[in-house]
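Q: okay, predicted coordinates and the sequence, questions at the end:
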Amino acid sequence: MTDHYERAVKGNQNKRVVGVLLGERNGDTYDITNCYAIPFDEDAKQEGVWFVDHIYHETMFNMFHKINAKEKVLGWYTTGTNFKNHDIEINELFKRYVHTPVFLLIDVENRDPVNLPTECYVSIEQPNSEGVISKHFKHIPSAISAFEAEEVGVEHLLRDIKDINMGS
């Protein structure tokens, strides 16, 4: 996800990227195990004008599905520190592919050494004082973890780096 940002828009703080989250859902738990970038653009001067290439997404998902049939579309991600008003519309687009899409907001410029650079949301519908139903994002808890095999691989890489730095 951050690689997508680095390649596409780094240095342009008015731009952000969008991609698809893949994995499995177990009850209320979303196990996000993969993702891919999709073409996206929005008009910085005009709120609500955006483009997500859903045909590209469908083509990519079909290719990913051939490799790992267990992975399903779980939602989408974007970069930034706050979501925009039209993100609820983008979220509605992802309801074509998953009943309750998760929305992952990634702060790629995060400088906080304690908190995760990610926030997760799902959309909910609530009536306002006039009885009109509106959609909002509701924050959901999130954690970043790794499979045991990934942890072992990272430990080996770190040990190799330490050995190289120590002159071994």
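A: Right, received. Where do you want to start? Numbers count the residues shown, from 1 in each chain.

Q: beta partners for residue 106?
A: Using DSSP bridges, the beta-bridge partners of residue 106 come out as residue 79, residue 118.

Q: buried residues, the helix or strand that contains residue 104. List them.
A: Per DSSP states H and E, residue 104 falls inside strand 102-106. By 16 or more other CB atoms under 10 Å, the buried positions in strand 102-106 come out as 102, 103, 104, 105, 106. In short, each C-beta sits where N, CA and C put it, glycine included.

Q: also stretch 68-79?
A: 71, 73, 74, 75, 76, 77, 78, 79.

Q: any chance of a markdown table for those residues, columns pLDDT and secondary structure?
A: Below are those laid out as a markdown table (pLDDT from 0 to 100; DSSP: H, G, I helix; E, B strand; the rest coil):
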| residue | pLDDT | secondary structure |
| --- | --- | --- |
| 71 | 94 | coil |
| 73 | 96 | strand |
| 74 | 96 | strand |
| 75 | 95 | strand |
| 76 | 96 | strand |
| 77 | 94 | strand |
| 78 | 93 | strand |
| 79 | 89 | strand |
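
Q: quick check: residue 143 is in a strand.
A: No: under DSSP: H, G, I helix; E, B strand; the rest coil, residue 143 sits outside any strand and is assigned coil.

Q: for residue 47, see how far away it is.
A: 33 Å (CB to CB, to the nearest Å).

Q: more neighbours: these two, which one.
A: residue 47 (11 against 8; other CB atoms under 10 Å).

Q: helix/strand/coil for that one?
A: Residue 47 - assigned by three-state DSSP - is coil.

Q: ok, and the closest non-adjacent residue to it?
A: Residue nearest to residue 47 in three dimensions, not counting chain neighbours: residue 85, with 6.1 Å by CB to CB, 6 or more residues apart in numbering.

Q: try residue 53
A: residue 39 (4.0 Å).

Q: how much space between the residue most central in space within the chain and residue 128?
A: Centroid-nearest residue in the chain: residue 77, 2.4 Å away (criterion: CA atoms, centre = their mean). Plainly put, residue 77 is 29 Å away from residue 128 if you go by CB to CB.

Q: got it, and residue 32?
A: 32 Å.

Q: these two: which is more packed in?
A: When residue 32 and residue 128 are compared for neighbours, residue 32 comes out ahead with 19 against 8, by other CB under 10 Å.
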